[in-house]
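> Any chance you could fold what I've pasted below:
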Amino acid sequence: MAIFTATILVACAPVQPLASEPVAPATQKLTVVEDGSLVQEEVIEAAKPTEESRPMPAEGSQPMLPQVSQAINDLAATLNVTTEQIEVVSVEMVVWPDGSYGCPKPGMMYTQVLQDGLRIRLAADGVVYQYHSGGGRAPFLCNDPAKPAPPGSKTEGS
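Numbering: from 1, shown residues only. Here you go, the predicted structure:
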């Protein structure tokens with residue numbers, strides 16, 4: 001019973017509006033809970049943001065990472081198409097096995113340190129393109145990708 005009462009009291013704690021939201025005056029409300037006790041609540045109504053003031057992502061989608069936007073813009077420029085013609089196939093957090101970020105070039109030497117990064121797969125006109133990034137490096141098109149380090153690999157700072 002004590003847990004239930006504590007849950008009700010926590011659930012009835014006043015809600016603090018965001019400073020930028022217009023707020024209507026608070027009103028008092030009395031509620032009878034299951035154990036018969038009376039709980040006083042403060043009801044605060046806040047205006048919902050309009051689409052112009054705060055653009056919302058499409059339902060079920062997540063905000064786009066800046067690296068994904070950069071990759072889309074780069075591929076659109078490379079293929080001379082609009083960004084709307086490019087589809088995001090997948091975005092994965094990976095650990096690259098070395099400083100090549102999963103895109104080694106023959107004859108080049110790379111630091112042998114595991115690197116956190118992203119593998120971004122984009123599609124345009126039925127063709128899938130792979131972008132790699134990591135270590136603060138902007139995403140780049142990788143035409144001959146290598147596999148990331150095996151799962152469970154730890155980067156230097158981990």
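
> Can you pull the domain assignment for the protein?
Domain assignment for the chain, taken from automatic domain parsing, gives 2-43, 66-141.

> pLDDT of the last one, averaged?
In this model, domain 66-141 has an average pLDDT of 93.

> What is the end-to-end distance of it?
16 Å (Cα to Cα, to the nearest Å).

> residues of stretch 90-106 that come out buried?
Val91, Val94, Val95, Trp96, Pro97, Asp98, Gly99, Ser100, Tyr101, Gly102, Cys103, Pro104 (16 or more other Cβ atoms under 10 Å). Every C-beta, even on glycine, is put in place using the N, C-alpha and C of the backbone.

> Throw those into JSON lines and include secondary structure and distance to Gln112, thanks.
Below are those laid out as JSON lines (DSSP: H, G, I helix; E, B strand; the rest coil; distance: Cβ to Cβ, whole Å):
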{"residue": "Val91", "secondary structure": "strand", "distance to Gln112": "26"}
{"residue": "Val94", "secondary structure": "strand", "distance to Gln112": "17"}
{"residue": "Val95", "secondary structure": "strand", "distance to Gln112": "13"}
{"residue": "Trp96", "secondary structure": "strand", "distance to Gln112": "11"}
{"residue": "Pro97", "secondary structure": "coil", "distance to Gln112": "8"}
{"residue": "Asp98", "secondary structure": "coil", "distance to Gln112": "5"}
{"residue": "Gly99", "secondary structure": "coil", "distance to Gln112": "8"}
{"residue": "Ser100", "secondary structure": "coil", "distance to Gln112": "10"}
{"residue": "Tyr101", "secondary structure": "coil", "distance to Gln112": "13"}
{"residue": "Gly102", "secondary structure": "coil", "distance to Gln112": "14"}
{"residue": "Cys103", "secondary structure": "coil", "distance to Gln112": "16"}
{"residue": "Pro104", "secondary structure": "coil", "distance to Gln112": "12"}
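
> nearest to Arg121, of those?
Val91 (7.7 Å; Cβ to Cβ).

> And the closest one, how far from Asp125?
Distance, Val91 to Asp125, using Cβ to Cβ, to the nearest Å: 20 Å.

> Assumed Val68 was part of a strand.
No - under DSSP: H, G, I helix; E, B strand; the rest coil, Val68 sits outside any strand and is assigned helix.

> Can you tell me how far it is from Leu118?
From Val68 to Leu118 the distance is 8 Å (Cβ to Cβ).

> now do Thr78
Relative to Leu118, and taking Cβ to Cβ, Thr78 is found at 18 Å.
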